[in-house]
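# sequence and predicted structure are below.
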Amino acid sequence: KQEVTQIPAALSVPEGENLVLNCSFTDSAIYNLQWFRQDPGKGLTSLLLIQSSQREQTSGRLNASLDKSSGRSTLYIAASQPGDSATYLCAATNQAGTALIFGKGTTLSVSS
Amino acid sequence: GAGVSQSPSNKVTEKGKDVELRCDPISGHTALYWYRQRLGQGLEFLIYFQGNSAPDKSGLPSDRFSAERTGESVSTLTIQRTQQEDSAVYLCASSPGPGTGSYNEQFFGPGTRLTVL
């Protein structure tokens, strides 16, 4: 059964810092891994999707990597801004590819 | 273009009542998913539709929960005889289709916040 863990649970950084959010999953037989952002009281915004055959994806200041063999993914945020403050969720597909299994998230606070 | 929409945005009901939650997926998306997020908890998968069929309903927590999809479009999640532990945000997502790769990128709606008194 797929389980997803995110570390740290919370992170506070000053504006301008580069930071890394970590995600680990127990079942390497994934179809893909998706990173989301969740703002308070709002739905989820998809940030990056990494297919199982890929090693990384980039979008603007965000870079996500995937290492299936070790069951790890990282989300790198460059030059953080106060607007990046949100909860970041990592989700890996279950073995059947019919659902996303979510971690509990990392709540990021970027101070100006 | 239009994203995933859900209604109502908020629903307050009394214990024991039935509720229906609606999801309108992105046009043309054949896959639809329901999740729930209880306060302080992570998102939990409930059910997956491919077209109008539900090949994976393994996340439904009890037989009080059911869902249907019609016209390969709108889906309704029904909770019968609601209990206080059903209080949560119910999120719907859709993706272009089955298979691997970007076809499985899921796009989420804003959710329905259900409060059972």
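Structure's in. What do you need?
# can you give me the helices in chain A?
Remark: no helices are assigned in chain A by DSSP state H.
# near chain B, which residues of it? Just list them.
A:31-32, A:34, A:36, A:42-46, A:49, A:51-52, A:89, A:91, A:93-94, A:96-105 (Cβ under 8 Å from any Cβ of the partner chain). Using the backbone N, CA and C atoms, a C-beta is placed for each residue, glycine as well.
# quick one: residue B:22 and residue B:9 touch, right?
No. Applying Cβ atoms under 8 Å, one finds residue B:22 not in contact with residue B:9, separated by 10.9 Å.
# so which of these two has more stuff around it?
Higher neighbour count among residue B:22 and residue B:9: residue B:22, with 15 against 11, using other Cβ atoms under 10 Å in any protein chain shown.
# what about chain B, any weak spots by pLDDT?
B:1, B:99-102 (pLDDT under 70).
# what sits against residue 52?
Using chain A. By Cβ atoms under 8 Å, 6 or more residues apart in numbering or on different chains, the residues touching residue A:52 are A:30-33, A:66, A:68, B:100.
# if you could check chain B rather than the one you did, that'd help
B:68-72.
# in space, what's closest to the residue nearest the centre of chain B - neighbours in sequence excluded?
Computing the C-alpha centroid of chain B and ranking residues by Cα atoms, centre = their mean puts residue B:34 first, at 2.9 Å. Leaving aside its sequence neighbours, residue B:34 sits nearest to residue B:46 (Cβ to Cβ, 6 or more residues apart in numbering or on different chains; 4.2 Å).
# quick check: that neighbour touching residue B:32?
No. Using Cβ under 8 Å as the test, residue B:46 is too far from residue B:32 to be in contact (11.1 Å).
# if anything else comes up later, I'll come back, but that's it for now.
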